[in-house]
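>>> With the sequence up front, the predicted model follows.
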Amino acid sequence: MKRSTAKRSTLKTSDMLASLGSRVTAAGGAMTSASSSSAATAAAGGGGSSSLSSSKAAGGVSASPLSLTGSAGGGAAGVSSSGSHNKFADMLYEAICKDTEEKPTSKGQQWFRDKVFENCTDKAIVLANSRIGTHACATLVKLLKGTSIERLDLSSNSLGDAGMRSVISAIRSLPSLSNVSLQCNNIGVDGGLEVAKLLAQNTSLKLLDLGSPANGFRKNHLDSKVIGKLAVSLCSNNTLSALGLKGNTFGAKSAEALAAMLTRNRSLTFLDLEATGLGSRGASVIAQALGKSRYFRHLLMGGNGIGAEFGKVASSLLSDNESLVALHLENNAIGHGVLNFCAALRTNTSLLILDLEGNDIGNQGASALSDVLFFNRTLTSLNVANNNIGEQGGQAMAFALNQNPVLTSLNLSQNALKNAAVIAIAESLVANVALISLDLCSCKIGDDGAVALVSAVGHNENISLRKLRLRDNYISGHAGELIVDALYRNKSLTVADFRGNQIDHVRLNKIRSVCKRNLMEIKDAEPRRLRQEIARLKGEQIKLRKAEKTLKSYQQSIADTKDKIAAIETEKAEFLKAQNKRRSEIQAQISKEQESIDEARKKLEEKQKELATVEKVYNERITELQQSVDKETAARKQIESDLTKVKQELEETIKDRPSKVKELREKIESVRSEKVEFQKQLTTIRKELARLQKAYHEGQPILDLIEQARALLIQNTSSSSSAAAAAAEEDGNNESSAKKSS
C-alpha cells in the first residue's frame, strides 16, 4: 500500500500537464482530457499504472510536458532507413560504453537499437535512463546537427556539469528544439549557470525540466546562486512556459529572486517547486508574487513544510489571481490552515485542480471543503488523500457530491471512511452525473460499503463514472461475486481496481473483462456518434448556404453605405487635419514664447539668488574683520601695560645695585679671614694629635691622653662652628647676588 502511494506521488507531474506539452508543441490549442487514453491503459492492465496516476490526474488532465514519454515509430533523428537507424544507435552505443568503461557486446548493441527505434522519432529523442555520459552526449550532439527535433529527454543519465556544455551547444544549434528534460543528471552549480546564460538569449525553448524526483538517483543540486541567475535570465525571457526545479533544495533564500521574476515574466505558466525547502516564508513570498500575475496557471509546491500559516497567504492568492488553474500543496502539514482559504475557494472562478494530499486536515477541513464544493462551480479535481478524514468528513464529502455538478475527480484514499461514509457516497452517485474518477483505496471499507457503491454504479444508467478504485480494503470474496454481478449492468466503467482485497483472481479477471467490454463499446459508439454528427452538420450546411446568399445581399448594401460614409469621413478627416495643423502651429508658437518667458524668469531668479548670496558673504566678512581688529587693539594695549611695568622694575633694580654689591664684598672679605683662621686652628690640632700619638707610643697613660684630646676637640669645635656659619652665609649671599645680577 505504501509503495503504490509513493509511486502515485512521483507520477503526479507527468499526469498533470500533457495538455500543456501538446499545446506548446503544436503552438496552440486548449487543455484537453485524456480520460479515454488512460482508460485504455487501465483496461489492459487491470488498473496498473493508470490507477497510480489517477490520484494526481486532476480531473483527466493528461501527461506532463516535463516528462516526455516515448512514441512508437521508426527512425532516429529523421533517419528513415533501417541501416541509417542502426548506424545512429551503434555510434551512440559505442560512446556510452566509453563513458561507462564497458566493452561493447552484440546483445547490448541490439538492446540499444531497439530502445532507440521505440523511443526516438524525427521530432523527439527520448533516451532517459540510458547511461549517457560526457562522450555519449557529445556524440549525440554531432548526430543531431542539422535535424529538426522538437523534444529531447535525457533524464536519469550521467551528464554532470561537463555534459551540460554539449547539451547547451545542442540547444543553441537546434532552433526547433522546444522541450528539454534533464532530470537526475547530477547537474551542479557550473551546469546550472550555463543554463542561466542560455535562457538569457534563447528564444525557442518552451519547456525545461531540471528537477529531481524524490526516488531518483544522480539528483541535480542547483543552489541559491544558480536559482538567482536563472531568475534574472527569465526576467527577459519571453518564450519559456514551463520550468521544473523539483528536488533542488535551494531553500527560502532564492524565493525572493523567483518572486521578483514572476512579477515581470509574462510567458512562464508552469513552475514545479516541490521539495525545494522553501518553508513557510519562501512559499508565502512566491504566493504573494503570483497574486499579481494574470498569466500563471500551474503551481506545484508540495513537500516544502509550509505549515498552517500559509493558509492566509493561499486565501489572498486564490482571491487575487484569476488565471491559476492548478495548485498542488501535498505533504505540507497545512492542517487547520485549510480553513483560512476555503472562503476564497467558494468564490474562485479559475482553479480546476487542488491537491491537498497528506496535510492532516481532518474532519473539520473535509467539512469546510464540502461547503466549498456546494458553492464552487469551476473546481473539477480534488485530492484529499491521507488526511486523517473519518466517517464524519466522508459523509460531508458525500453531501457535496450530491450537490456539485462539475467535480470530475475525487481522491479520498488512505482515509478511515469506513462503510457509513462510503454508503453515503454511493447514495450521492445516484444523482451525480459529473464524477468521472473516484479513488477510495485504503479506506477500511467492508462488504456493505463496497456492495452499496458498486450497486449504485451498476444500476445508474446515466452515471459518468469511468474509474473506480477500491484497492487495499476489507472486501471479502463473497462480496466480490456481488460486485461482478452489479458491474455487468454498467456501461461506463473502464477502470475498476479491487486488488489488495480478499477477492480471488478469477473475479478480478471478470471485473477486468467488464471494463474492457465497456471500453470497446465506447470506442464502437464513437463512430456512430460521429456519423450522426456529420448528418446534423450537413443539414446545418444547407441552412448556412441559404443564409450566406441573404448575407451577401445585405453585405452589398452595407458596402455601398460604407463607401458613402467613407467619403464623408475622408472629407471630415481632411478638415480636422487642417484644423489640427493650425492648432498645432499656434500651440507651438505659444509654447516657444512661454519657454522664453520661463527661461528669463529662471535667469532672473538665479541672479537674485547669486546677489543675495554675495551680500550675505560680504556682511559676514566685514563682521569677521571688525572682530579681528578689536581683538588686536585689546592685545596691543595689554602689551603696552606689561612693558611699562617691566621698565619700572628694571629702573628700581638699577638704582639699588651699587650699595648691595659693596655689602656683599665686605661680607666676602670677613668670611675669607675667618677661613684662614680656621685653617690655622686645623693645623694646630693636627700637630697636637701627632704629639698625643707619640706620647701613647712612649707609654703615657691612656686616660690622660683621652682627657687631653677631649679638651682639644671642645676648644676647636666652637671656633670651627663659627667659621662654618660664616662660610655658609658667604655662599648664600653670593648666590642671591648672582640671581639679582642676572
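Perfect, I can see it now.
>>> Against residue 586, how distant is residue 309?
Distance of residue 309 to residue 586, computed by CB to CB, to the nearest Å: 64 Å. In short, each C-beta sits where N, CA and C put it, glycine included.
>>> same deal with residue 397?
Distance, residue 397 to residue 586, by CB to CB: 74 Å.
>>> Residue ranges in the chain under the pLDDT threshold?
The model of the chain has pLDDT under 70 over residues 1-83, 699-705, 709, 712-713, 715-742.
>>> need the contact list for the spatially most central residue of it.
Centroid check for the chain by CA atoms, centre = their mean gives residue 255 as the closest residue, at 2.2 Å. Counting by CB atoms under 8 Å, 6 or more residues apart in numbering, residue 255 touches 278, 281-283, 285-286.
>>> More neighbours: residue 309 and residue 586, which one.
residue 309 (14 against 10; other CB atoms under 10 Å).
>>> looking at it, that one is touching residue 279, isn't it?
No: look at residue 309 against residue 279 with CB atoms under 8 Å: they stay out of range, at 10.2 Å.
>>> can you count the residues close to residue 451?
Neighbours of residue 451 (other CB under 10 Å): 23.
>>> How far off centre is the helix or strand hosting it?
Following DSSP states H and E, one finds residue 451 within helix 447-459. Relative to its parent chain, helix 447-459 has a centroid offset of 48 Å by CA atoms, centre = their mean, to the nearest Å.
>>> which one's the longest helix in the chain?
If you go by DSSP state H, the chain has its longest helix at helix 505-698.
>>> what angle separates it from helix 447-459?
130 degrees (axes from the mean of the first three to the mean of the last three CA atoms, to 10 degrees).
>>> What separation do you get for residue 548 and residue 556?
13 Å.
>>> actually residue 206, not the one I wrote
Residue 206 sits 46 Å away from residue 556, going by CB to CB.
>>> the more surrounded of those two?
Neighbours were counted for residue 206 and for residue 556 using other CB under 10 Å; residue 206 has more, 23 against 10.
>>> how close does the more buried one get to residue 270?
Per CB to CB, residue 206 is found 10 Å from residue 270.
>>> Follow the chain on from the helix holding residue 451 and name the next helix or strand.
That would be, after helix 447-459 and using DSSP H and E, strand 467-469.
>>> Distance from that following strand to the middle of the chain?
Chain-centre distance of strand 467-469: 38 Å, with CA atoms, centre = their mean.
>>> just stretch 556-567 next, same as before
Relative to its chain's centre, stretch 556-567 lies at 59 Å (CA atoms, centre = their mean).
>>> Please name the residues that touch residue 459.
486, 489.
>>> actually residue 321, not the one I wrote
290-291, 293-294, 296, 350.
>>> among those, which ones are buried?
By neighbour count, with 16 or more other CB atoms under 10 Å, the contacts of residue 321 hold 290-291, 293, 296 as buried.
>>> tell me which of those is nearest to residue 388?
residue 290 (28.7 Å; CB to CB).
>>> In space, what's closest to that closest one - neighbours in sequence excluded?
Counting by CB to CB, 6 or more residues apart in numbering, residue 290 lies nearest to residue 296, which is 5.4 Å off, once chain neighbours are set aside.
>>> is it true that that neighbour touches residue 269?
Yes: using CB under 8 Å, residue 296 is in contact with residue 269, at 5.8 Å.
>>> intersection of neighbour lists for residue 206 and residue 270?
241-242.
>>> Please list all residues in contact with residue 373.
Taking CB under 8 Å, 6+ apart as the definition, contacts of residue 373 comprise 379, 382, 397, 400-401, 403-404, 407.
>>> okay if I get the residues you listed as TSV plus neighbour count?
Shown next, in TSV, are the contacts of residue 373 (neighbours: other CB atoms under 10 Å):
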residue	neighbour count
379	23
382	24
397	27
400	25
401	21
403	14
404	24
407	24
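>>> out of these, which are inside helices?
397, 400-401, 403.
>>> which one of those sits closest to residue 363?
Comparing these against residue 363 with CB to CB picks out residue 397 as the nearest, at 10.2 Å.
>>> The closest one - nearest residue in space that isn't next to it in sequence?
residue 370 (5.5 Å).
>>> Now do the helix or strand where the one you found lies: distance to the chain's middle.
Assigned by DSSP H and E, residue 370 belongs to helix 362-375. With CA atoms, centre = their mean as the basis, helix 362-375 stands 31 Å off its chain's centre.
>>> Can we start the residue count at 468 from this point?
Yep, numbering from 468; the last one is helix 829-842 now.
>>> For residue 1086, give its distance to residue 1117.
Distance from residue 1086 to residue 1117, by CB to CB: 47 Å.
>>> same question, residue 856
Residue 856 is 117 Å from residue 1117, by CB to CB.
>>> what about the two, which has more around it?
Each of residue 856 and residue 1117 has its neighbours counted (other CB under 10 Å); residue 856 has more, 28 against 9.
>>> How about the contacts made by the more buried one?
Taking CB under 8 Å, 6+ apart, one finds 828-830, 832-833, 864, 879, 882-884 in contact with residue 856.
>>> do residue 801 as well
773-775, 777-778, 823, 826-828 are the contacts of residue 801 under CB under 8 Å, 6+ apart.
>>> Equivalent analysis for residue 564, please.
With contacts defined as CB under 8 Å, 6+ apart, the neighbours of residue 564 are 570-571, 575.
>>> That one: helix or strand, and which one exactly?
Short version, using DSSP H and E: residue 564 is in helix 549-567.
>>> Residue 942 too?
Counting by DSSP H and E, residue 942 is found in no helix or strand.
>>> Tell me which two of the contacts of residue 722 sit farthest apart.
748 and 753 (10.0 Å).
>>> more crowded one of the two?
residue 753 (25 against 16).
>>> Which elements pack onto whichever strand or helix holds the more buried one?
Using DSSP H and E, residue 753 sits in helix 746-757. Helices and strands touching helix 746-757, by 3 or more CB pairs under 8 Å, 6 or more residues apart in numbering; DSSP states H and E, are helix 722-731, helix 777-787.
>>> what angle separates it from helix 722-731?
Using the same axes, to 10 degrees: helix 746-757 against helix 722-731 is 10 degrees.
>>> which residues touch helix 746-757?
Helix 746-757 has contacts (CB under 8 Å, 6+ apart) with 718-723, 725-727, 729-730, 740, 743, 745, 763, 766, 768, 771-774, 776-777, 780-781, 783-784, 788, 791.
>>> Now it - C-alpha only, PDB.
The C-alpha trace of helix 746-757 is given here as PDB (Å, rounded to 0.1, in the frame of the first residue of the first chain):
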ATOM      1  CA  GLY A 746       9.400  26.700   4.100                       C
ATOM      2  CA  SER A 747       6.600  28.900   5.100                       C
ATOM      3  CA  ARG A 748       8.400  32.200   4.400                       C
ATOM      4  CA  GLY A 749       9.600  31.200   0.900                       C
ATOM      5  CA  ALA A 750       6.200  29.800  -0.100                       C
ATOM      6  CA  SER A 751       4.500  32.900   1.100                       C
ATOM      7  CA  VAL A 752       6.800  35.200  -1.000                       C
ATOM      8  CA  ILE A 753       6.000  33.100  -4.100                       C
ATOM      9  CA  ALA A 754       2.300  33.100  -3.500                       C
ATOM     10  CA  GLN A 755       2.200  36.900  -2.900                       C
ATOM     11  CA  ALA A 756       4.000  37.500  -6.200                       C
ATOM     12  CA  LEU A 757       1.600  35.200  -8.100                       C
END
